[in-house]
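> Kindly return the folded structure for what I paste below:
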Amino acid sequence: MGRQHWKKIWVGSAGNMVEWFDWFVYASFATYFAGAFFPSGNPTAQLMNTAGIFAVGFFMRPVGGWLLGRVGDRKGRKAALTLTVTLMSVSALLIAVAPTYDVAGYGGAFVLLVARLLQGLSVGGEYAASATYLTEASDPRRRGFASSFQYVSMTAGQLAGLGLLIILQHTLSDTALHDYGWRIPFAVGALGAAVVFYLRRTMLETEVYAEDTSHAAERGTLRALWQHRREAFLVIALTMGGTVAYYTYTTYLTKYLSNSAGLSKETATLVSFTALTVFACLQPLAGALSDRIGRRPLLITFAVGSTVLTVPVLTLLKRVNGYWPALGLSLVALVVVTGYTSINACVKAELFPTGVRALGVALPYALANALFGGTAEYIALWFKSAGIESGFSWYVAGCAAVSLVVYVTMRETKDLDLARVASHEAPSVTTAS
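Model (predicted):
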């Protein structure tokens, strides 16, 4: 892979890391600021309130997917990526300065809500813009490997958030973390986004987009996307199982280990940090494997594993009593999830022609995340509050089973030439090859 390819991947990944740092620190620090914006009382109820606002951010992702996907197809991948990081910087700053319930009543929760809406708008466009950029910027023979860095950078952003949490847990008292320490990561995220804004202003556009000759008026339009509605519905279906599993074992895992298994917050955070470090290292390996054997084998492996193993893994995780058994079970789950995360960006991008690729990935993916990914944590807490926590395990397994049907019946996409696909030549994806 040439130097210019690596430069594009690096800049795209660095920005993606900061985007997802800001997105995930909300979930990582929720146990500390949940009581700051809502009346004191049941800790689970406070977590459900903050999880509800977390889910609301996901419902802005389809709007962001539509608006920023349109920008990416009409103005370029660079323009969309620059805009997304600007929105993320503003939203992180709002959370950092939001007043507490004691100071402004529910006014602080309202500021939190607005910030999450802006984050949802930003991330709704970020996923598609970065997925499209990384896929188009790579060597055609190594698209799986290159696009896997999207989840490397996403996970790196979460690791940075968890790492900062560990540092703050060891340098500040528990009281200080609840009082003001939780604001620190959002201030860091706002500053990091400002730095990435500068980097993205100097990034290079992809050759595939620059050389696209499709009709300018049709780029990024819903009418053009409707011509590829089969592919759009496929994105929703293949995302369903993956996004539920991903958010279960990443954003929700720390709270599950502390709130359900009874581990200390410090131990639960360390388990998540270690497991996610291994998870990040697995992404390029699995992406490279898909360049050799295809995307479908990895997707099918994920779906089968998630369908079969989710219930026993989550059941055993609830009963762990220490760091090592919790880490071992978490790694089992995340190795399975790697079959989806390492290649889902390029699979989706490979389904659409250049003129509608960003929108084609953004809107259906954002819809799937709003329905399944963003609600995963809230649904898990709802099952817990209803006294049937095990029901969530079956829900995750069921979503994976639905996606398995899609993976088995879709066609392979790894050999598609992105530069030569015209609007009327999008690949059929409804039957196995």
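
> Pull up the gap between the residue nearest the centre of the chain and Ser13, please.
Residue closest to the mean C-alpha point of the chain, counted by C-alpha atoms, centre = their mean, is Met154 at 6.7 Å. Relative to Ser13, Met154 is positioned 9 Å away (C-beta to C-beta, to the nearest Å). Any C-beta I mention is one placed from the backbone N, CA and C, and that applies to glycine too.

> Likewise for Trp182?
Distance check for Trp182 against Ser13: by C-beta to C-beta, it reads 27 Å.

> Would you mind telling me which of the two has the busier surroundings?
Trp182 (25 against 21; other C-beta atoms under 10 Å).

> give the contact list for that one.
Trp182 makes contact with 29, 32-33, 36, according to C-beta atoms under 8 Å, 6 or more residues apart in numbering.

> can you check Asn369 too?
Contacts of Asn369 (C-beta under 8 Å, 6+ apart): 58, 61, 239, 243.

> tell me which element the first one is part of?
Read that as Phe58. helix 43-59 (DSSP states H and E).

> what does the third one give?
In the assignment (DSSP H and E), Thr239 maps to helix 229-249.

> Leaving out the residues flanking it, which one is nearest to Thr82?
Closest residue to Thr82 apart from its sequence neighbours, by C-beta to C-beta, 6 or more residues apart in numbering: Arg200 at 4.6 Å.

> Can you pull the poorly scored residue ranges out of this protein?
Applying pLDDT under 70 to the chain flags the ranges 1-2, 4-5, 40-48, 54, 420-433.

> By residue count, tell me the biggest helix in the chain.
What stands out as the longest helix in the chain, according to DSSP state H, is helix 107-137.

> Go through it and flag the buried ones.
For helix 107-137, burial by neighbour count (16 or more other C-beta atoms under 10 Å) applies to 108-109, 111-113, 115-137.

> from the chain's centre, how far out does it sit?
Centroid separation for helix 107-137 versus its chain: 10 Å, with C-alpha atoms, centre = their mean, to the nearest Å.

> Could you identify the helix or strand that succeeds that helix?
Following helix 107-137 toward the C-terminus (DSSP H and E): helix 143-147.

> List the buried residues in that next one.
143-147.

> what's the closest of those residues to Leu285?
Comparing the buried residues of helix 143-147 against Leu285 with C-beta to C-beta places Phe145 closest, at 8.8 Å.

> Surely that closest one and Val152 touch.
No. The criterion here is C-beta atoms under 8 Å, and Phe145 misses it with Val152 at 10.6 Å.

> Mutual contacts of those two, please.
Pro284.

> Measure how buried Asp102 is and give me the count.
Neighbour tally, Asp102, other C-beta under 10 Å: 11.

> Look up how far Tyr378 lies from the residue nearest to Tyr101 when sequence neighbours are not counted.
Closest residue in space to Tyr101, ignoring its immediate chain neighbours: Phe37 at 5.4 Å, by C-beta to C-beta, 6+ apart. Distance of Phe37 to Tyr378, computed by C-beta to C-beta: 16 Å.

> what about Tyr180, how many neighbours?
14.

> following the helix or strand where Trp382 lies, which helix or strand shows up next?
Using DSSP H and E, Trp382 maps to helix 376-385. Counting by DSSP H and E, the next helix or strand C-terminal to helix 376-385 is helix 390-409.

> Please identify the buried residues of that next one?
Buried-residue list, helix 390-409, by 16+ other C-beta under 10 Å: 392-393, 395-397, 399-404, 406-407.

> elements contacting the very next helix or strand once past the helix holding Thr239?
Of the helices and strands lying after helix 229-249 in sequence (DSSP H and E), the nearest is helix 253-259. For helix 253-259, the elements it packs on are helix 3-28, helix 30-37, helix 43-59, helix 265-293, helix 296-317, helix 376-385, judged by 3 or more C-beta pairs under 8 Å, 6 or more residues apart in numbering; DSSP states H and E.

> mind running it again at 7 Å?
helix 265-293 (3 or more C-beta pairs under 7 Å, 6 or more residues apart in numbering; DSSP states H and E).

> The helix it packs on to helix 296-317, inter-axis angle?
Going by axes from the mean of the first three to the mean of the last three C-alpha atoms, to 10 degrees, helix 265-293 is angled at 160 degrees with respect to helix 296-317.

> list the helices and strands helix 265-293 packs on?
helix 143-147, helix 149-171, helix 253-259, helix 296-317, helix 323-341.

> what about it, distance to the chain center?
That offset, for helix 265-293, works out to 14 Å (C-alpha atoms, centre = their mean).

> List the buried residues of that helix.
265, 267-276, 279-280, 282-284, 286-287, 289-291.

> quick one, that helix and helix 30-37 angle?
120 degrees.

> picking that back up, looking at the buried residues of helix 390-409, spot the one nearest Gln227.
Using C-beta to C-beta, these come closest to Gln227 at Val406, 20.6 Å.

> right, and the closest one touches Ala237 too?
Yes. At 4.3 Å, Val406 and Ala237 qualify as touching, with contact defined as C-beta atoms under 7 Å.

> Could you find the closest non-adjacent residue to Ala137?
Lys8 (3.8 Å).

> The closest residue to Glu350 other than its chain neighbours: what secondary structure?
Sequence neighbours aside, Thr413 is the residue nearest to Glu350 in space, at 3.9 Å (criterion: C-beta to C-beta, 6+ apart). Of the three states, Thr413 takes coil under DSSP: H, G, I helix; E, B strand; the rest coil.

> tell me the contacts of Thr413?
295, 347, 350-351, 427 (C-beta atoms under 7 Å, 6 or more residues apart in numbering).

> Let me have those residues in CSV, extended by distance to Tyr101, neighbour count and secondary structure.
CSV is the format used below for the contacts of Thr413 (distance: C-beta to C-beta, whole Å; neighbours: other C-beta atoms under 10 Å; DSSP: H, G, I helix; E, B strand; the rest coil):
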residue, distance to Tyr101, neighbour count, secondary structure
Arg295, 47, 26, coil
Val347, 44, 30, helix
Glu350, 47, 27, coil
Leu351, 46, 26, coil
Pro427, 52, 19, coil
